[in-house]
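>>> Here is the input, now give the coordinates:
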Amino acid sequence: MISVWILVLLLAACSGPDTASRTTGAVTPSAAATLTGAQLAADRFGGASFPSVQASTLEGDAVRVPEDLAGRPALLLIGYVQDAQFDLDRWLLGLLQAGTNVRCLELPTISGWIPSLFASRIDSGMRAGIPQEDWHTVATLYGDDAGRVADLTGKERGLNGRIMLLDAEGRIAWFHDRGYSASRLLELDAMVRQLESNR
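Sure thing, here's the model as predicted:
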């Protein structure tokens, strides 16, 4: 039996343009390594708000991002391929160990219209691998909404999650897409605390 993720990857490859070659900011990858997450967010997104998209949690509840997260900082952990889960899990574990008090929403992001036809099967496959107590923190994006997020962050280096901190108004305040880094996690923790103290 073919795995759900292999099916998703095959369908996604056939269903729409790839955003991997798009450059969203003026900073080269080598220069980006020297910037803080806040500087990278400012360069790539210029204080812009996260695009309004609708996702569905693994519990089946609709969630509008960023609208439903407004009022407090929120951390989005965006993954484009199943194997990005390893990177996202390291970030989540580090945040728990650091005692970072921030709302987190994991966003598996599957662009293209063909995968959206199999959304219930894909979500069922995810439920099989994620403990039920965490289903409310995982919300999948499909179709055009997934495409908007992919256009925003780019999908190159797909094994790396996109770690994006939104402020209380939904603006992109911090961003990292180069894989888990303990020093970047401490930087993120400090940024969360700063945003919370400014509320």
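>>> CA atoms for contacts and neighbours, from now on please.
OK.
>>> what secondary structure does residue 108 sit in?
strand (DSSP: H, G, I helix; E, B strand; the rest coil).
>>> next one: phi and psi at the most centrally placed residue in the chain?
Taking Cα atoms, centre = their mean, the centroid of the chain lies closest to residue 78, which sits 1.7 Å from it. With angles defined as degrees, to the nearest 10, residue 78 sits at phi -100, psi 130.
>>> ok, now residue 94?
Note on residue 94: backbone dihedrals following degrees, to the nearest 10 are phi -60, psi -40.
>>> related to what we said a few turns ago, so the residue nearest to the centre of the chain sits against residue 159, correct?
No. Judged on Cα atoms under 8 Å, residue 78 makes no contact with residue 159 at a distance of 10.8 Å.
>>> one step back: next, the contact list for the residue nearest to the centre of the chain, please.
Contact analysis of residue 78 by Cα atoms under 8 Å, 6 or more residues apart in numbering lists 88, 106-109, 161-164.
>>> Next: residue 188.
Residues in contact with residue 188 (Cα under 8 Å, 6+ apart) are 37, 174.
>>> what do you get for the one 5 residues further on?
Taking Cα under 8 Å, 6+ apart as the criterion, residue 193 is in contact with residue 100.
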